[in-house]
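Colleague: here's a sequence, model it:
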Amino acid sequence: MEQRPARLGELIEKVIASLGQAGKFHGWRMVSLWPEIVGPEIAGVSRAIRFSEGIMTIVVEKDVWRQELEMQRDKILARIRLHSGGKAVKKIVFRAGWPMEKENENRGG
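Modeller: The predicted structure follows:
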């Protein structure tokens, strides 16, 4: 029986797992998939900015959006876990205020 060639993604996951970094890889993958996970409306007012020790940090445009997303936390976490590797995300933390605002103020923009 002929063996099928391994997919590149499968090989990468095996290497990452062998290095003990699978959780970090999958968590950061969920950060990059944030717009796909939550859709265009929520992605327009929020950004996934960090993954560390099972915690995904999301910044939102305004406090009112932070409150709204906190009420949807379980639903969003369930959507994350539908993705391959999504179980690496154990908790979501929402913070109000774009981190880039301070950076742009310091640059005069």
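Colleague: what stretches of this protein score poorly on pLDDT?
Modeller: 1-2, 5-6, 9, 11-13, 15-23, 99-109 (pLDDT under 70).
Colleague: all helices for this structure, in order.
Modeller: 8-18, 22-32, 34-38, 40-43, 63-71, 73-81, 99-106 (DSSP state H).
Colleague: what's the closest non-adjacent residue to the spatially most central residue of the chain?
Modeller: Centroid-nearest residue in the chain, with Cα atoms, centre = their mean: residue 31, separated by 2.1 Å. Nearest non-adjacent residue to residue 31, counting by Cβ to Cβ, 6 or more residues apart in numbering: residue 48, 4.2 Å away. From N, CA and C alone the C-beta is placed, and that goes for glycine too.
Colleague: wait, the one you found sits on residue 34?
Modeller: Yes: counting by Cβ atoms under 8 Å, residue 48 touches residue 34, with 3.7 Å between them.
Colleague: between these two, tell me which one has more neighbours.
Modeller: Remark: of residue 48 and residue 34, residue 48 carries more neighbours, 23 against 18, as counted by other Cβ atoms under 10 Å.
Colleague: which other residues reach stretch 52-66?
Modeller: Contacting residues not belonging to stretch 52-66 are listed as 23, 27, 30-31, 34, 45-51, 69, 80, 88-99 [Cβ atoms under 8 Å, 6 or more residues apart in numbering].
Colleague: how does it look with 7 Å?
Modeller: Stretch 52-66 is contacted from outside by 27, 30-31, 45-50, 69, 88-99, using Cβ atoms under 7 Å, 6 or more residues apart in numbering.
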